Structures are given as C-alpha cells and as structure tokens.
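**Student:** based on what follows, work out the 3D shape:
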Amino acid sequence: MPAKNERIPEQRLQKLQSIRALGVDPYPPRYTRTHSTQQAVELLAQAEKDGETETAEVNIAGRIMANRTMGKISFMDVRDGAGKIQLFLSKNELDEASLALLKELDIADIIGAKGVVFRTRSNEPTVRAKTLTLLTKSLQPLPEKWHGLTDVEIRYRQRYLDLITNEDVRKTFQTRSKVVSAIRRFMDGRGFLEVETPILHAEVGGATAEPFVTHHNKLDRDMYLRIETELHLKRLIVGGLEKVYEIGRIFRNEGISFKHNPEFTSMESYEAYADYNAVMVMVENMVSAVAQEVLGTTAVKYGETTIELKAPWQRLSFRDAITQHSGIDFVQYPSADLLRLKMKEKGIETDPKNNWAQLVDELLSKFVEPRLIQPTFLVDYPLSLSPLAKKKPGQERVVERFEAFCGGMEIANAFTELNDPIDQRERFAQQIKDKIAAGAAATIDEDFLLAMEYGMPPTGGLGVGIDRLTMILTNNSSIREVILFPTMKDKPDDKS
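**Tutor:** Take a look at the predicted model:
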C-alpha cells in the first residue's frame, strides 16, 4: 500500500495540512453540543412566541451540505441526525480563528457552530455564528449528485453515502427501527416473553432452505447458521414458557431478488393453547397497530395503490385461490408427473427436478401471490408444503396453516403446530428424503424430537418477515431498500 492513499484528492490533503498549520486539530475528541438542529428551530419558535426575535446562544453540530458565499457573507447548510439548519457567517462577526478556518472548509466536513438562532428575511431559521469548530475534516468529496445519490450500486455498497445524501433513505431506516420497537411493545403487551436462541446450530433445522455451513475448530465439526428459530422456541413451549417470541437474523443460502436477501430479520412467536385462527387475529391486529403507532394511519401508500391494513383482513382458501387464478386444481393431480404435465398444457415450463410440493408452490408464486395486494390470509395448505403443521380435522392432506400476503408478497406464515412426536418424526424423514434427492443438506434434530416426546401443548406459531413488512410501511418495492447492508455480488474489480 502506498504511503499516501491515492484515493484522497490532493486539494483535501493540502487543506488538512493548512488546518494543522493553524494549530487546529482536524479530529478533536469531543464537542459540547447544546442543541440538535431541530431543537434549535424549536427554541426559536418558543422565543418568537415570547416576543423575541432571536434565542440565547446555542452550540449546534453537523455535516456541511451546502456553502454559498456572497462577498463578506456566507450561508452554510448543516445537517445532523435530526434535520438541517442554515448558518449565517459574516466576516464582521466571526472571530479571527473561525475566519481562518472558514477558508479551509469543504462540503462534507463536520463542524460545530456557536451563535444565536434568528429568522432571515426569507423566513429561514438560521444560526448567526460567532465561532466555528472543525470536528472532522472530510477527505473525500460527496458524489457529484450528492443532493440525491441515485446509483443503486453505490447506494447499497456505500450505505453511509446513501444516508448522508438521501433524506428519504434516513427516514426509511428510522421507520424500520420504530416498526421493530412497536412490534416488541405489541408482543410484550400481550404477555409474550422475548427470548434469544442459538444462531449456530448443530442440525440444519426444520425449514426447507439451504443453510450456510461453518466449522467450529475446537469441536472439529461443521455447524449451520440458523434457517429458522422455530425448533428452539418450541422447546421453550415444552419447558412451560407458554408465550415466547424472538426477533433476529435468519440465514438462507439461496438466491437474491427484490424480496429475498440471504440474511433477513424475522419475528417468530409461539403461544400455547392457541391455534392458527387465534394467530390470524393477532397478526391483523399487530400489523394495524404497528402502522397506526409508527405512521399515524392504517392506510398506507404502496406503489400506486393505497393498502388498508385495518383488521379484519380477507381470508381465502389456498386451494380455491390457486384454482381460480391458475385454472389448475392441484388436488386433481396428486403426483409431480401429473401436475407437471397439466402445467405444461397451460404453457407453464417447470424445473424437472421439482417435486409436487414445489410445483404447487410455483403455482402460488406465479398466479396468486402477485394479485394479493390488499392484506389477505391464504388458509389450509397441502400437508406436503407444511411438515411442521397440524392436520386439519377430517382432512388427511390439508394442514392448519396460513400465510399472510400484502403488496403482492408473503409477509407472515403461521401454523397450528404439530405436537405429535411420532407423526413429526415421519414427516421429518420424508422431508430429509426430499432434501437429499434435491442435493441439499439434511439432518434430523433428535433433541427436538425428544423434547416433543415429553409433550408440547396445542400451540399456535407465527413467523413475520420484518424486512417485507417494512417495505410495505415505507413504500419500497425492493428488500435492499430496507436492509442497511444488503448482500451484493462482487464488483468486477474485487477479484484481484
């Protein structure tokens, strides 16, 4: 590596040297900020109510986003985490040290300013600065179009630039944080206990997904990043913790799309003595309550559509929905070969390796899911799609499961949980057979089955996709817009 980082513009390095020559530390360890930009604006509003035209002195701090010089006067826009405020900088009012520093400042530098807050003739709340303090010298200029960075590759790879330059992006992630907090309050208010379960698993897990594999050196064995939290949370139900939930990262070694990222966040909950009907009611109440708390409304704009999240939500039969929209009643074609042939007649090309359950899921994804814009529960799924759900009484091939859809994508999945350990073992065995046939990793979690043998009460289980719910609540059509650091392909110049 060269002694001087060649990425740094020479002009900025020269200014850095000039600042040090002034006896100024360009990276001081601390600064006493008395007010955020928003608090400074509010302070002015209060002063004006009291008949004053300016406030007492404040110390604000933030990043320089614009600088306009007109003779002996400059105006700067400074942004912090709360918002933006203008600085009024007069050569007649700044002290000598601040005047010298002013010449060396650039867009993107982080500064502190001390002065009173007043309102300009254009009605702009403004700090009349008496002193400036350099807090961080930026060695990189903001992108040319810093006022609205649009290159998605840069936005996702360098999220810090995205957050600096795009106010809507900052609001999206602030909203996401509020959504998670609101979900916690809702679940805590219903008597659920938040818990933490392992991320490293000795077994693959119960979901049908490809895991990431790592290796534990001391134990000298492979381990798997979790593809679900379900089996550990159910152990807690067995142990007598009757209402539990976990919000955390899930890892699936699968493709990337506008609604899929290899690591994502879910909220899973389990409630003893509840079934999927009770969970359905909880979901529609939770989502509408979260929207009301975070956004102040249950009617949200998503694309060109207004989605009404208020309960109750529409309920549709899984079988009826697929039959109606695809023209294929999958129950009439009980094998993969028969169903594949029927799909081919309809002009639907399929992967010859897909089993019957995967073909049915393809019908759902292609014909039904994109049509479910308003919040909808699809209920009563085929047994082969749901190895952890309880059978619907009187129906051997149907289970008590629902998925919640909104904005044309799944946002939640729930079961009346299977609690028959013998039936569970048989279903796991079939699931493993299917996974091995598809070339995927497959193991049985014997400890989970042992826990089931001690007895798990009737239970309603739920998984909610936090990322997708946030997409709906922030009007974003890509999951990468709501994950701070989404998984990206290598850049062409990364392979050196």
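
**Student:** tell me what residue 114 is bridged to.
**Tutor:** On the basis of DSSP bridges, residue 114 takes part in beta bridges with residue 59, residue 131.

**Student:** ok, residue 366 - contacts?
**Tutor:** Neighbouring residues of residue 366 by C-beta atoms under 8 Å, 6 or more residues apart in numbering: 326, 348. All C-beta atoms are positioned from the backbone trio N, CA, C, and that covers glycine.

**Student:** how near is it to residue 472?
**Tutor:** Here residue 366 is placed at a distance of 21 Å from residue 472 (C-beta to C-beta, to the nearest Å).

**Student:** output the below-cut-off pLDDT ranges for the stretch 251-400 of the chain.
**Tutor:** Scanning the stretch 251-400 of the chain for pLDDT under 70 picks out nothing.

**Student:** now the strands for it?
**Tutor:** When secondary structure is read from DSSP state E, counting those that start in this stretch, the stretch 251-400 of the chain shows strands at 263-272, 299-302, 305-308, 314-317, 376-382, 398-406.

**Student:** what does the stretch 51-200 of the chain give?
**Tutor:** With DSSP E, counting those that start in this stretch as the criterion, the stretch 51-200 of the chain has strands spanning 58-70, 73-80, 83-90, 110-119, 125-136, 193-194, 200-201.

**Student:** want to try CSV for those, with mean pLDDT as columns?
**Tutor:** As requested, the strands of the stretch 51-200 of the chain are arranged in CSV below (pLDDT from 0 to 100):
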stretch, mean pLDDT
strand 58-70, 96
strand 73-80, 97
strand 83-90, 97
strand 110-119, 98
strand 125-136, 98
strand 193-194, 98
strand 200-201, 94
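
**Student:** distance to residue 379 for those strands - can I get that in a markdown table?
**Tutor:** What follows is the strands of the stretch 51-200 of the chain, written out as a markdown table (distance: least, C-beta to C-beta, whole Å):
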| stretch | distance to residue 379 |
| --- | --- |
| strand 58-70 | 51 |
| strand 73-80 | 48 |
| strand 83-90 | 45 |
| strand 110-119 | 54 |
| strand 125-136 | 54 |
| strand 193-194 | 28 |
| strand 200-201 | 30 |
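
**Student:** can you list those strands in CSV and add mean neighbour count and distance to residue 15?
**Tutor:** As requested, the strands of the stretch 51-200 of the chain are arranged in CSV below (neighbours: other C-beta atoms under 10 Å; distance: least, C-beta to C-beta, whole Å):
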stretch, mean neighbour count, distance to residue 15
strand 58-70, 17, 13
strand 73-80, 19, 16
strand 83-90, 20, 17
strand 110-119, 21, 13
strand 125-136, 20, 10
strand 193-194, 14, 49
strand 200-201, 15, 48
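
**Student:** tell me which of the ones you listed sits nearest to residue 269.
**Tutor:** Between residue 269 and these, the shortest gap by C-beta to C-beta is with strand 193-194, which sits at 9.6 Å.

**Student:** so how far is the closest one off the chain centroid?
**Tutor:** Average the C-alpha atoms of strand 193-194, do the same for its chain, and the two points are 21 Å apart (C-alpha atoms, centre = their mean, to the nearest Å).

**Student:** next one: stretch 389-408
**Tutor:** A distance of 27 Å separates the C-alpha centroid of stretch 389-408 from that of its chain, computed with C-alpha atoms, centre = their mean.

**Student:** list the buried residues for it?
**Tutor:** Of the residues in stretch 389-408, 389-392, 398-408 count as buried by neighbour count, 16 or more other C-beta atoms under 10 Å.

**Student:** domain map for the chain?
**Tutor:** Each structural domain of the chain that the record assigns through automatic domain parsing is listed here as a residue range: 10-141, 164-313+374-491.
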